[in-house]
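Dropping the sequence and predicted coords here.
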Amino acid sequence: MTRWPRATAPAWPVHAGVLAATVLAATSYALAGPHLRVVIFAMVTLVPVVTFAGALATGHLRGRPWIIATAGLVLLAGCMAFWSDWVPGHHFGRAEGRAADFGIASAHLLFLVGTAAALRRRGIGDLAGLLDAALFGVCVAGPAWAWLIAPRLTPTATTVGEMLALSDIAILAALISCLTRIGRRAAGARGPIGYLVLCSVATLGGHIAGTLTARHGSSAWTAIITMVAYLTIAAAAVHPAAPRITDPDGSAGQPSTQLPLLWIGAALCANPLIAMIQGLRGDDVASVVLPVCSMLAVPLVLLRLWQMSQLRRRAEATLAHHALHDELTGLRNRRHVVAEIDRALADLERCTLDEVTVILLDLDGFKPINDRFGHQAGDAVLRAVAARLTGAAGPDDVVGRLGGDEFLVLRRGPAPDDLPRLMTSLVGHPIEVGGARVQVGVSAGMAGALRGETIDRDILIGRADAAMYAEKAAHRRERDPVLR
């Protein structure tokens, strides 16, 4: 399916189109009469619906998130068509709590859900930063409401209306914080994300302008600012880089530092402090700040705590893994192997185990590979040997790397006499290293202890070591006739 516009197209036509459309819409609205203003505003509300639908139809935008976002825009346009005088008639920003407020808030929420889903891949590696940014935005909305908006509300404002308006403002503030953070990292998608930020800022500005001009002033500025929000969101859909929002190109941009905990703590304290001050003064204009902001902030805090606990759990699991495993091969390390031998010998002494077998293996011809092909090739050989030994061992056997090119296999029970030969044969197969085929030999020695036998770990390993070096000497004699 052909994309429109193409991803390689320049972005300046989009910028020029937004600027021209903004000037045309603002000038027409300012010069028009009351009835024509309603028509102009309704036409502007349809622009993002058309651009998003066109982008979806042509394949420029793909996926369910953008369909959900488009559904939110359709609902918003429907609300504006049904309550056509809501913005031109100076109801927007008054927090009256009417059905239009619920419809518009629902449309905003639906669009935000779709946009958040579209941005999920962009923020998947920065969950902590996005949660901090959202939390900071929600908490900053409280002081803005208490000091800027609430004192200027008209007597027609209701508690329900105030809660809806404050929720909308807080969510918009959180969205602006998150989009700004994502935009700093998403170098290839900064254009459309920048338009999403402008849309959110303009929507927030429309809220504030509607409140500030509710008592005295015209609704023209509220309508013009709101129309800017519609036009900028339309531009985000047709921007050439819009597909990169959901299809990251791998460029993470500059790494973002996390918000200092001091600022997050101060933001969390702001809303309770405002509520306390208003309570001491006997002023109820900020009465909705604490419950609304708390309902929005608490889930974010819980998510942040959950994320921190997950990080700690993964860190502990990683530390535990590295404490018991060899970093290069993933096998058990010397510490774990020695502890397992001690436990097996203790069970042997208590007669709860019939036999313990230890197989010690040392690679032959490994040093020349390291010298000729480098340490990376040597590491690849060690990993291949580890995988082959694991495949030859039993499911309950402990396979470990003691260090260098020395390996050990512990079996809690008897081992077939030909097990060392089987392991030697598997390890001796050619290994692909950097386009070359190399081959290493193996010298193996096996030693065991029986039920009731009291034996020291060092003695058991020493027996296997002696058997292994006897086989290594035999291999040398086979290669060098003079030693025979």
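Perfect, I can see it now. Treat the numbers as computed from the prediction; the structure is a model and nothing was measured.

What are the structural domain limits within this protein?
Per automatic domain parsing, the domain ranges recorded for the chain read 12-319, 334-483.

so which of these comes closest to residue 326?
Closest of the domains of the chain to residue 326 is domain 334-483, at 4.4 Å (criterion: Cβ to Cβ). Backbone N, C-alpha and C define where each C-beta goes, glycine included.

Show me what secondary structure element comes after the longest helix belonging to the chain.
When the chain is scanned for its longest helix (criterion: DSSP state H), the result is helix 289-324. Downstream of helix 289-324, the first helix or strand assigned by DSSP states H and E is helix 334-349.

Which positions within that following helix qualify as buried?
Judged by neighbour count using 16 or more other Cβ atoms under 10 Å, the buried positions of helix 334-349 are 336, 337, 338, 340, 341, 344, 345, 348.

Run through the neighbouring helices and strands of it.
Here helix 334-349 touches helix 289-324, strand 355-364, strand 398-403, strand 406-411, strand 441-450, helix 457-479, going by 3 or more Cβ pairs under 8 Å, 6 or more residues apart in numbering; DSSP states H and E.

just the CA coordinates of the second one, formatted as CSV?
This means strand 355-364. This file holds the C-alpha atoms of strand 355-364, laid out as CSV (Å, rounded to 0.1, in the frame of the first residue of the first chain):
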residue,chain,number,x,y,z
GLU,A,355,27.9,-43.1,44.5
VAL,A,356,29.5,-39.8,43.5
THR,A,357,31.4,-39.4,40.2
VAL,A,358,33.7,-36.5,39.2
ILE,A,359,34.9,-36.1,35.6
LEU,A,360,37.7,-33.5,35.1
LEU,A,361,38.3,-32.3,31.6
ASP,A,362,41.2,-30.2,30.2
LEU,A,363,41.4,-28.9,26.5
ASP,A,364,44.3,-29.9,24.3
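
how big is the angle separating it from strand 406-411?
Put simply, strand 355-364 runs at 160 degrees to strand 406-411, going by axes from the mean of the first three to the mean of the last three Cα atoms, to 10 degrees.

before we move on, what about the third one?
Interaxial angle of strand 398-403 relative to strand 406-411 (the same axes, to 10 degrees): 160 degrees.

With the fifth one instead?
Counting by the same axes, to 10 degrees, strand 441-450 lies at 40 degrees to strand 406-411.

Okay, now the unreliable bits of the stretch 351-484 of the chain?
Scanning the stretch 351-484 of the chain for pLDDT under 70 picks out the ranges 477-484.

returning to what we had before: make a markdown table out of the helices and strands packed on helix 334-349 and add mean neighbour count and distance to residue 331.
As requested, the helices and strands packed on helix 334-349 are exported to a markdown table (neighbours: other Cβ atoms under 10 Å; distance: least, Cβ to Cβ, whole Å):
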| stretch | mean neighbour count | distance to residue 331 |
| --- | --- | --- |
| helix 289-324 | 14 | 10 |
| strand 355-364 | 22 | 12 |
| strand 398-403 | 21 | 5 |
| strand 406-411 | 23 | 7 |
| strand 441-450 | 20 | 15 |
| helix 457-479 | 15 | 17 |
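
could you redo these as a markdown table and give each row distance to residue 376?
Output for the helices and strands packed on helix 334-349, formatted as a markdown table (distance: least, Cβ to Cβ, whole Å):
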| stretch | distance to residue 376 |
| --- | --- |
| helix 289-324 | 21 |
| strand 355-364 | 17 |
| strand 398-403 | 17 |
| strand 406-411 | 20 |
| strand 441-450 | 21 |
| helix 457-479 | 26 |
